[in-house]
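Chemist: coords below, sequence missing:
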């Protein structure tokens, strides 16, 4: 009996020791391991995790943690963000790339807009929306963070004070029986939005052809830059562009710390003397280069497409046989790699029969090796199997939206003091 009691007591002591050891093990998880775990959580879960302790709140708010979280997001397929707007609100619908299922939907009420809204490219989960005469707004839809409106750029103030009838178009108001009314035309000068890879700062870069009625006509272009941390617009030199105009109606893509535009003629229309304008976001300097050697030397600039595809600069050309060839930049070896081509005769049935405008690839799915293609002002999206032996196109999505952009949920600017 005594022997059994001793054995029982020994078992109880051992059990307590083991339980205590397990408790201590749970408590003493190294901070770096915990950071790796938290970093893989969805954005909203991370935001809630701040309430665990002051330590975790301070860790999550650091720029380094946000950068590591974004790097983890970029290792996965992007989401697709569909943006739509009316005169009084703007809506963001987030969809899963593979299943096209709606994951999140967010609407913001906005003041009445006296003209069409433009939407920027998405950078680290941030999107800008703006009008020619009304302030730029920056939003992080994952955290529902809307920064205070930016001050008006000089370009906006000039147009507000001296409207130029050459920069207007007709817009018919829906269902009110009224005749068309003139509204500011913004599409000829959409700004670029990107990130300084050295400092981590986000910058808006508004490059535009000289405003005809008010500025020095000896120069062809002007450029204003807005650093979101400095909170002010300032001019940067465009001396490298003295003999060049930018092509109208292009949304400049950002890739590897630079923004890119194509040149046009004096009115901003397509030119057959097309050059590539490159702006280094860190040094804030421009350079003009020839288009890559695989682009036809006298190709009209409206047949050349520029975009960010999977983090790389992608350039394409729509040939006379309706074949569009896509290449992207391999930064590691400073070379261009052909990735796929598309026959627009095969996609035109989904794009209103159009074969004269280049398509834009939105995103590549790593899971199923497909690319999603869009066409400006067309509501359908088409996907294409990247298998070299496949020529099959499918209708990927059909619906009403203003713009579709690839999107990675992010912590960017969520803790800004602006």
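Modeler: In hand now; what should we look at? The structure presented is a predicted model; accordingly, all values stated were derived computationally and were not measured.
Chemist: in the stretch 151-300 of the chain, which spans are strands?
Modeler: 168-171, 181-184, 192-195, 202-209, 221-227, 232-236, 245-246, 254-255, 258-264, 275-280, 285-290 (DSSP state E, counting those that start in this stretch).
Chemist: possible to save these as a markdown table with distance to residue 383 and mean pLDDT?
Modeler: Heads up, the C-betas are built off the backbone N, CA and C, glycines and all. Listed next are the strands of the stretch 151-300 of the chain as a markdown table, based on distance: least, CB to CB, whole Å; pLDDT from 0 to 100:
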| stretch | distance to residue 383 | mean pLDDT |
| --- | --- | --- |
| strand 168-171 | 32 | 39 |
| strand 181-184 | 35 | 36 |
| strand 192-195 | 26 | 96 |
| strand 202-209 | 31 | 93 |
| strand 221-227 | 36 | 94 |
| strand 232-236 | 39 | 95 |
| strand 245-246 | 31 | 90 |
| strand 254-255 | 22 | 96 |
| strand 258-264 | 25 | 95 |
| strand 275-280 | 28 | 96 |
| strand 285-290 | 32 | 96 |
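Chemist: the helices in the stretch 101-250 of the chain, which residues?
Modeler: 154-161 (DSSP state H, counting those that start in this stretch).
Chemist: mind showing which ranges of it have poor pLDDT?
Modeler: 112-115, 162-188, 211-218 (pLDDT under 70).
Chemist: okay, the strands of the stretch 151-300 of the chain, which one's buried deepest?
Modeler: Mean neighbour count (mean count of other CB atoms under 10 Å) peaks for strand 192-195 among those, with a mean of 25.
Chemist: partners of it, with directions?
Modeler: Looking at strand 192-195 with DSSP bridges, its partner strands are strand 202-209 (antiparallel).
Chemist: what does the strand it pairs with rub up against?
Modeler: The contact list for strand 202-209, computed with CB atoms under 8 Å, 6 or more residues apart in numbering, reads 120, 123-124, 126, 128, 136, 150, 153, 155, 188-189, 191-196, 220-228, 238, 245-246, 252, 259, 261, 268, 277, 279, 281, 412-413.
Chemist: can you do 6 Å?
Modeler: 153, 155, 189, 191-193, 195, 221, 223-228, 245-246, 259, 268, 279, 281 (CB atoms under 6 Å, 6 or more residues apart in numbering).
Chemist: what does stretch 220-240 give?
Modeler: For stretch 220-240, the external contacting residues (CB under 6 Å, 6+ apart) are 153-154, 201-207, 209, 241, 245, 284, 286-288.
Chemist: much appreciated, bye for now.
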